[in-house]
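> Only the shape, not the letters, is given here:
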């Protein structure tokens, strides 16, 4: 996130903070008179540029600091400014990724016949969006301390490829998947403990038949807890900064894909949309994020029925009836009372369209 923050400061935040918290006019005149001096700029930049940039700012930063960087009383090194900027960046890009890829999945992949399922909720997509939007600012705020630590060099993120072998540039990806898959399995299964579930994880299980917009519809603490392994990895294992950004984006996209109801693979190792659909239907199975390995080891794996990979059979009323009957038995064990409001099974498809 240090590179993202550096770029954002230069293009956005330097100007914003200079307008909101400007230096006195006399100081502005002095700075503008001397700012062309590289020696003066170098000395001043040491106090403004983030300390993890290990070179002279005016020569090697991602982009040169604009004039506005020196015209604010809240310099780049101010931890409150860094925290606010990181919070806004996390929140903003979280919303962009969510709406962009969830919308693409909804319009291009998601089978709209799913909305005829007897366990599809009234106004479901609207409620999924509302839950996601209400959770994102809190999840972003909780994430800021991790980004601050990463930015200030306390993790093992690195920029220069020569810092580690070329082979590791490849192996860091499967290592990341393996580590986070195991960690999230433990956290996710823990969130299903009766003492925890009703307080934190139940809001995400409101969606028995999820749409892509359910992907980020969490209680904020639930969503934050399941994101922790992504941060832990960079403090335990080396991780290239560009790879970190790629994996951060991939995680968000993957989360959407496993909620889209399109069962693209029946590979027994991959915990894809079919496995995760069963998790939403039957609660106590398929806790994994990427693979089925830990579910198999933990005796929580449920193999998706072959009928789920048939586009017609998986949408048949007989399939839905069987799913609903089993779900109703399990929901009594997990939640006791089912307080969801379902669409009337006899409503027309047109009446079910979200407004």
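On my side now, so go ahead. The structure displayed is predicted, hence computed values, not measured ones.
> which parts of stretch 90-106 are buried?
90-91, 93-95, 97-98, 101-102, 105-106 (16 or more other C-beta atoms under 10 Å). No exception for glycine: its C-beta is placed from N, CA and C like everyone else's.
> helices or strands up against the helix or strand that contains residue 101?
Using DSSP states H and E, residue 101 falls within helix 79-108. Applying 3 or more C-beta pairs under 8 Å, 6 or more residues apart in numbering; DSSP states H and E, one finds that helix 79-108 contacts helix 2-8, helix 124-151, helix 241-257.
> could you redo the last one with a cut-off of 6 Å?
With contacts taken as 3 or more C-beta pairs under 6 Å, 6 or more residues apart in numbering; DSSP states H and E, helix 79-108 sits against helix 124-151, helix 241-257.
> Residue 324 is in contact with residue 118, correct?
Yes - Residue 118 lies in contact with residue 324 (C-beta atoms under 6 Å); the separation is 5.2 Å.
> Give me the spatial nearest neighbour of residue 206, chain neighbours excluded.
Once flanking residues are discounted, residue 206 sits nearest to residue 340: 6.3 Å by C-beta to C-beta, 6 or more residues apart in numbering.
> What is the neighbour count of the one you found?
By other C-beta atoms under 10 Å, the residues close to residue 340 number 15.
> got it, and residue 239?
Residues lying near residue 239 (other C-beta under 10 Å) number 23.
> Would you mind measuring from residue 222 to residue 111?
27 Å (C-beta to C-beta, to the nearest Å).
> on that earlier part again, output the helices and strands packed on helix 79-108 in JSON lines, with distance to residue 161 appended to each entry.
JSON lines is the format used below for the helices and strands packed on helix 79-108 (distance: least, C-beta to C-beta, whole Å):
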{"stretch": "helix 124-151", "distance to residue 161": "18"}
{"stretch": "helix 241-257", "distance to residue 161": "9"}
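> Please identify which of these is closest to residue 288.
Among the helices and strands packed on helix 79-108, the nearest to residue 288 by C-beta to C-beta is helix 241-257 (11.9 Å).
> Now do the buried residues in the closest one.
241, 243-244, 247-248, 251-252, 254-257.
> what about residue 231, which helix or strand?
helix 220-236.
> returning to what we had before: tell me which element the residue nearest to residue 206 is part of?
Per DSSP H and E, there is no helix or strand for residue 340.
> measure it to residue 252 for me?
Look at residue 340 and residue 252: by C-beta to C-beta, they are 26 Å apart.
> Also residue 176?
14 Å.
> ok, and the closest non-adjacent residue to residue 190?
residue 196 (6.5 Å).
> whoops, I mixed them up, residue 294
residue 185 (4.0 Å).
> how close does the residue nearest to residue 190 get to residue 250?
27 Å.
> repeat for residue 142
21 Å.
> got the contact list for the most centrally placed residue in the chain?
Centroid-nearest residue in the chain, with C-alpha atoms, centre = their mean: residue 252, separated by 4.4 Å. Each residue near residue 252 by C-beta atoms under 6 Å, 6 or more residues apart in numbering is listed here: residue 97.
> For the remainder of this discussion, apply numbering that starts at 531.
Got it, the first residue is 531 from now on, which makes the last one we talked about residue 782.
> Got the confidence number for it?
Looking at residue 782, its pLDDT stands at 89.
> again, but for the one 3 residues further on
Here, the pLDDT recorded for residue 785 equals 92.
> just residue 708 next, same as before
For residue 708, pLDDT reads 96.
> Number of residues surrounding it?
Neighbours of residue 708 (other C-beta under 10 Å): 14.
> care to break this structure down by domain?
Following automatic domain parsing, one finds the domains of the chain at 532-607, 612-882.
> most tightly surrounded among those?
Of the domains of the chain, the one with the most neighbours on average (mean count of other C-beta atoms under 10 Å) is domain 612-882, at a mean of 17.
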